[in-house]
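[1] Quick one, structure for this:
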Amino acid sequence: MNERSDEELVRDVARGSISAFEHLVRRYQRKLHAFIVHMTDDDAAAQDIVQESFISLYKTIDRVDPKRKFSSYVFAIAKNTAISYFRSKKKEVSLEDIVIAGEDESLLTELIASERQHVIGQALAKLSEKYRRVVQLYYFDDLSYEEISKKMRLPIGTVRTHLLRAKAALRKLLDYEKH
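    Here you go, the predicted structure:
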């Protein structure tokens, strides 16, 4: 069977083809879910975020630049949807909540995990594009150095260097956020 490219499917969706959109959903649903679960460590939230991401994709399909890689676009939508999702879930914590949280460790753990993810997301956004991309591919897309090297058209040594520098920059940014 001749597999249709993302670009062909996007063009068909823009022309009103629901089956082309369903094909894109099937193609990217598991990848996006794994990506978001890795970000959030919450399967239920990841399912909601992926669904919202596909809704956003459908609404903005006419904005997809055919010169750029579609997968980058769809992952960017998912990442932004996750950030928006957690911003909307962020609550103000009252003294009463803290006292109750002392009695319920899972609530306290959830609040801390949510804040940590938010801080890490902000730190990642501050990295230069080349470092952020290497971190994305290595930690979120689970690609090897060799795969990243091919995808970014860089020598493996450069990929390693970018990843080391990205981790050092993140460490510095996260340490700065603590103080």
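[2] CA only for contacts and neighbour counts going forward, please
    Noted.
[3] Give me the neighbour count for Q47.
    Counted with other C-alpha atoms under 10 Å, residues neighbouring Q47 total 18.
[4] do R15 as well
    12.
[5] so who does F54 touch?
    Residues near F54 by C-alpha atoms under 8 Å, 6 or more residues apart in numbering: V25.
[6] Now tell me which helix or strand of this structure has the poorest mean pLDDT.
    Least confident helix or strand, the chain: helix 95-103 with a mean of 43, by mean pLDDT, DSSP states H and E.
[7] And the residue nearest the centre of the protein?
    By C-alpha atoms, centre = their mean, the chain has its centre lying nearest to K79, at 3.4 Å.
[8] measure it to A34 for me?
    K79 sits 12 Å away from A34, going by C-alpha to C-alpha, to the nearest Å.
[9] cool, and A168?
    Taken as C-alpha to C-alpha, the span from A168 to A34 is 25 Å.
[10] who has more neighbours, the two?
    A34 (19 against 12).
[11] And the more buried one, which helix or strand is it part of?
    Under the criterion DSSP states H and E, the helix or strand holding A34 is helix 18-40.
[12] Which helix or strand lies directly C-terminal to that helix?
    helix 43-59.
[13] which helices and strands does the next helix or strand after that next one pack with?
    For helix 43-59, the following helix or strand on the C-terminal side (DSSP H and E) is helix 70-89. Contact analysis of helix 70-89 by 3 or more C-alpha pairs under 8 Å, 6 or more residues apart in numbering; DSSP states H and E lists helix 18-40, helix 43-59, helix 105-126 as its packing neighbours.
[14] R68 is nearest to which of those helices?
    In terms of C-alpha to C-alpha, the element of the helices and strands packed on helix 70-89 nearest to R68 is helix 43-59, at 15.1 Å.
[15] what about dumping the CA coordinates of that closest one to PDB?
    Written as PDB, here are the backbone C-alpha positions of helix 43-59 (Å, rounded to 0.1, in the frame of the first residue of the first chain):
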ATOM      1  CA  ASP A  43      -2.100   9.400  31.500                       C
ATOM      2  CA  ALA A  44      -5.600  10.900  31.900                       C
ATOM      3  CA  ALA A  45      -4.300  14.500  31.500                       C
ATOM      4  CA  ALA A  46      -2.300  13.300  28.500                       C
ATOM      5  CA  GLN A  47      -5.400  11.900  26.800                       C
ATOM      6  CA  ASP A  48      -7.200  15.200  27.300                       C
ATOM      7  CA  ILE A  49      -4.300  17.200  26.000                       C
ATOM      8  CA  VAL A  50      -3.800  15.000  22.900                       C
ATOM      9  CA  GLN A  51      -7.500  15.300  22.100                       C
ATOM     10  CA  GLU A  52      -7.400  19.100  22.600                       C
ATOM     11  CA  SER A  53      -4.200  19.200  20.400                       C
ATOM     12  CA  PHE A  54      -6.000  17.500  17.500                       C
ATOM     13  CA  ILE A  55      -8.900  19.900  17.900                       C
ATOM     14  CA  SER A  56      -6.500  22.800  17.700                       C
ATOM     15  CA  LEU A  57      -4.800  21.200  14.700                       C
ATOM     16  CA  TYR A  58      -8.000  20.800  12.800                       C
ATOM     17  CA  LYS A  59      -9.000  24.400  13.500                       C
END
